[in-house]
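Colleague: Next one to model:
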Amino acid sequence: SSLISACGWGQQWEQALIYLRQMQTGHCSDLIAYTAAISTCAKASQWERSLCLLRDESRQTRGENIRTYNAALSACAVAGRCELAVLLLEELQDVGLNPNLMTYREVIASCEASGEWELALDLLAEMHEVKIEPRQMIYGSLARACNNGQQPELAQSFLAKIGGAEERERV
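Modeller: From the prediction side, this is the model:
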C-alpha cells in the first residue's frame, strides 16, 4: 500500500490501480490498500474510479471504514460533486459509521464549487449536533461556498471566525 500511496503524489492513478490488482491477485489487498488507491484517484480527479473502488473494497474486504469513505468523499470534493457527497455521507451513517471532522470537511468542500451554501450550513448544524467542533478549514470551506452562492456577507462572517488574511485571499 506504500507504493499505491506514493503514486498519489505523482498523479499516477493508473499505476496505483495496477499495484492494487497485483495485490488482489496475491490475496493481499486490504482496507489500507483500497484507501490509498481511492485517495490516489481522488488526487487525480478520477472521482468515478474512486467510487468504483469504494464499492469494490466493500465486496472484497467485507468491511466499511471511515477513512475509506473520507477518501471517496475527497474525490467528490475535488470534482465538486455535492449531491454525491451527501449520498455517501448518508450511506456511511446507514452502515453504522460515525462521521468525523474530515468527513464533514470533505462534504462541505464539495459544496464550494456549486455554491451550495444552504447545504453547507445544514452540515455545520449537523456537526454541532454530533458535537464535532468546526476548525479553520471548515470555516474556510463555508466561506467559499457562501461566496460562490452569492452570499458575500455570510462568507465574511465565516472569514471573521478564522481571522486569517491568507484564507481571505483564497475566497
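
Colleague: Just the CA atoms of stretch 149-164, as CSV, please.
Modeller: The C-alpha trace of stretch 149-164 is given here as CSV (Å, rounded to 0.1, in the frame of the first residue of the first chain):
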residue,chain,number,x,y,z
GLY,A,149,-23.6,31.1,-3.7
GLN,A,150,-23.7,34.9,-3.9
GLN,A,151,-23.8,35.3,-0.1
PRO,A,152,-20.8,37.6,0.5
GLU,A,153,-22.0,38.9,3.9
LEU,A,154,-22.4,35.4,5.2
ALA,A,155,-19.0,34.5,3.7
GLN,A,156,-17.4,37.4,5.6
SER,A,157,-18.9,36.2,8.8
PHE,A,158,-17.1,32.8,8.4
LEU,A,159,-13.9,34.6,7.5
ALA,A,160,-14.2,36.6,10.7
LYS,A,161,-14.2,33.3,12.6
ILE,A,162,-10.8,32.3,11.2
GLY,A,163,-9.3,35.7,11.1
GLY,A,164,-6.5,34.7,8.6
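
Colleague: Run the chain-centre distance for that stretch.
Modeller: Relative to the centre of its chain, stretch 149-164 is centred 22 Å away, using CA atoms, centre = their mean, to the nearest Å.

Colleague: Also stretch 130-148?
Modeller: On CA atoms, centre = their mean, the centre of stretch 130-148 falls 14 Å from that of its chain.

Colleague: Would you mark the buried spots in that stretch?
Modeller: For stretch 130-148, the neighbour count (16 or more other CB atoms under 10 Å) marks 132, 134, 137-148 as buried. Every residue, glycine included, has its C-beta placed from N, CA and C.

Colleague: Quick check: of the residues you listed, which lies closest to N98?
Modeller: I132 (9.4 Å; CB to CB).

Colleague: Provide the secondary structure category for the closest one.
Modeller: coil (DSSP: H, G, I helix; E, B strand; the rest coil).

Colleague: Enumerate every residue touching it.
Modeller: Residues near I132 by CB atoms under 8 Å, 6 or more residues apart in numbering: 99-101, 104.

Colleague: at 7 Å what do you get?
Modeller: Each residue near I132 by CB atoms under 7 Å, 6 or more residues apart in numbering is listed here: 100-101, 104.

Colleague: quick one on the thing from earlier: any chance of the buried residues of stretch 130-148 in TSV, plus distance to Q156, pLDDT and secondary structure?
Modeller: Listed next are these as TSV, based on distance: CB to CB, whole Å; pLDDT from 0 to 100; DSSP: H, G, I helix; E, B strand; the rest coil:
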residue	distance to Q156	pLDDT	secondary structure
I132	24	95	coil
P134	17	91	coil
M137	18	90	helix
I138	16	94	helix
Y139	11	94	helix
G140	13	93	helix
S141	15	94	helix
L142	11	95	helix
A143	8	95	helix
R144	12	94	helix
A145	13	95	helix
C146	9	96	helix
N147	9	94	helix
N148	14	94	helix
